[in-house]
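Q: Pasting the sequence and the predicted coordinates here, then a few questions.
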Amino acid sequence: MEFYFGLVNSKKRLLWVLRPDFMLGKGSEGEGISKELVEGLKKRGYIVGWAPQEEVLAHKAISGSLTHTRWNSTLERLDIKDVCDEKVVEKMVNDLMVDERDGLLKSAAKFAKLAKEYVSVGGPSHSNLDRLIKDIRLMKRIALSEKSSI
């Protein structure tokens, strides 16, 4: 529940995508989102059971993405559950959306530019893919000519 309270306490606007079976106390471990948390988010966020991830992440209003990646089981295995409380999650959200936002946006823009250059005609990824296709075609021709000469 630390994760959920941290999100609520961050006071940031958010879209929260949860598995439908996790909504309102229906989680796999009897956990779920309490009515208190749902009410706490109503003024600045939405809780949905599904969202098109690529479209959401590409939207200009999005300043970050946070995932639990099996949060509870990870914390239990690492035995750090007591260390990571709602204040830690709240700080992570604020760091992402306020303190480090500009740096992250610049970094993302830099990598997006590099990715476009790499996959554009003449870029290294495009050239390597083109070379791979040519090699495969050549291997196919060689295999067919060897097969026909037998």
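A: Good, I have the coordinates. Everything quoted here is computed from the prediction, not taken from an experiment.
Q: make it CA atoms for all contacts and neighbour counts henceforth
A: Fine.
Q: for the protein, where's the lowest mean pLDDT among helices and strands?
A: Of the helices and strands making up the chain, the lowest-confidence element is helix 71-78, at a mean of 48, by mean pLDDT, DSSP states H and E.
Q: distance of residue 122 from residue 108?
A: The spacing between residue 122 and residue 108, counted by CA to CA, to the nearest Å, is 22 Å.
Q: for residue 12, that is, sorry about that
A: As defined by CA to CA, residue 12 lies at a distance of 21 Å from residue 108.
Q: got it, and residue 126?
A: Residue 126 sits at a distance of 21 Å from residue 108 (criterion: CA to CA).
Q: Looking at the two now, which is surrounded by more residues?
A: It is residue 126, of residue 126 and residue 108, that has more neighbours when counted by other CA atoms under 10 Å, with 15 against 12.
Q: what's the helix or strand for the more buried one?
A: Applying DSSP states H and E as the criterion places residue 126 in helix 124-149.
Q: Mind listing what's buried along that helix?
A: Residues of helix 124-149 classed as buried under the neighbour-count rule (16 or more other CA atoms under 10 Å) are residue 125.
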